[in-house]
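> Below are the sequence and a predicted model for it; my questions follow.
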Amino acid sequence: MKILAFCNKDEAAVDKPERTGVFTSGIVSILEDHRIALFFTGRQHAGENLTDLLKHRAAELGKPIQMCDALSRNMPEALEAIVANCLTHGRRRFVEIVGNFPDACLYVLNILKDVYKNDAEAARQGLTDDQRLHWHQAQSGAKMAKLKVWLTEQIEQHKVEPNSSLGEAIGYMLRHWDKLTLFLREPGAPLDNNICERTLKKAILHRKNAYFYKTQNGARVGDLFMSIIHTCEMNKVKSRPHRRNHPAINGQIAKINLFEKSEIFHACRKDTQLSKNATNYHENT
């Protein structure tokens, strides 16, 4: 959803943007129990913002896991990452049409329900990433394999019209199957992008109270403070000391670069951003 239009026509004329829309992207990075939330408002899509951010990542680190939905704007070019797609987005397509195709949709939804139950049980037991992978392979692997066979049969045996809403939901699952099931092959791969969806609600709430930013710099400052406050909130620490005392904010707010904000979070949780095996979630609103 496009939000936060700029009012400064002179600024837009100077920039001569190829796009007329303005977007707010949310990026959440997780390593173990540490979480960082970043907001970016501007002409770029989420994937482009993530590409710029990962340029600041140490080159010797391994590929991060990138969780997003299957929109092309979320897939930046030349980004070296292990990509996973959101299982909730695939599930939602069946939820929306369950009234029209109850038997078929409930079959899919019940299998996915079991997968989520298995993931919740892994979290309850406090399994490591490797243990969680083996747990899913043992408990969810056969169910997902059975689901793929069933989905394929519906199309290949002409049991479902491919252009119907059910056929489109099945086609979505099959087209993105490998990325939707990365949790069966890669330690630490999440099932969905829900954490980033929840994070973007902060930007949506802000939009309800302030319909737009006047300038790009105003958007940058707003993103900075939303990023700091929500990161502290996610890590259950107080945000006021970081807002009041950090040198990047104190007396230098007008000079902050869009990506220099990442340094602030080392004061909140050291060495968490985009580290080895970190999982990065991102989404546009």
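Received the coordinates, thanks.
> Does residue 36 belong to a helix, a strand or coil?
strand (DSSP: H, G, I helix; E, B strand; the rest coil).
> Surely it is in contact with residue 231?
Yes - applying Cβ atoms under 8 Å as the test, residue 36 and residue 231 come out as touching, 5.2 Å apart. Yep, even glycine has a C-beta here, placed from its N, CA and C like the rest.
> Tell me how many other residues crowd the closest residue to residue 98 other than its chain neighbours.
Of all residues not flanking residue 98 in the chain, residue 105 sits nearest, at 4.1 Å (Cβ to Cβ, 6 or more residues apart in numbering). By other Cβ atoms under 10 Å, the residues close to residue 105 number 21.
> Could you do residue 88 as well?
16.
> Identify the residue spatially nearest to it, adjacent ones excluded.
Residue nearest to residue 88 in three dimensions, not counting chain neighbours: residue 192, with 4.0 Å by Cβ to Cβ, 6+ apart.
> any idea how far that neighbour is from residue 86?
5 Å (Cβ to Cβ, to the nearest Å).
> So between the two, which is more surrounded?
Legend: neighbour count by other Cβ under 10 Å for residue 192 and residue 86, higher for residue 86 (25 against 22).
> Make sure that one is actually in contact with residue 69.
Yes - assessed by Cβ under 8 Å, residue 86 is found in contact with residue 69 at 4.8 Å.
> tell me, what's touching those two both at once?
residue 193 (Cβ atoms under 8 Å, 6 or more residues apart in numbering).
> quick revisit: for residue 192 and residue 86, list the residues in contact with both.
residue 67.
> Helix, strand, or coil at the residue nearest to residue 88?
Here residue 192 takes the coil state, with states given by three-state DSSP.
> Would you state the strands of this protein in chain order?
23-31, 34-42, 65-68, 82-85, 279-284 (DSSP state E).
> could you dump these to CSV with mean pLDDT and mean neighbour count?
Shown next, in CSV, are these (pLDDT from 0 to 100; neighbours: other Cβ atoms under 10 Å):
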stretch, mean pLDDT, mean neighbour count
strand 23-31, 88, 24
strand 34-42, 90, 25
strand 65-68, 89, 26
strand 82-85, 91, 22
strand 279-284, 58, 24
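> now what about the biggest helix by length in the chain, what contacts it?
As assigned by DSSP state H, the longest helix anywhere in the chain is helix 102-125. The contact list for helix 102-125 (Cβ under 8 Å, 6+ apart) reads 87, 91, 94-95, 97-98, 131-132, 135-136, 139-140, 143-144, 146-147, 150-151, 154, 160, 166, 169, 173, 183, 191.
> Mind giving me the ChimeraX select for those residues, buried ones only?
Burial among the contacts of helix 102-125 is assessed by 16 or more other Cβ atoms under 10 Å; the matching ChimeraX selection reads:
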select :87,91,94,97,132,135,136,139,140,143,144,147,151,154,160,166,169,173,183,191
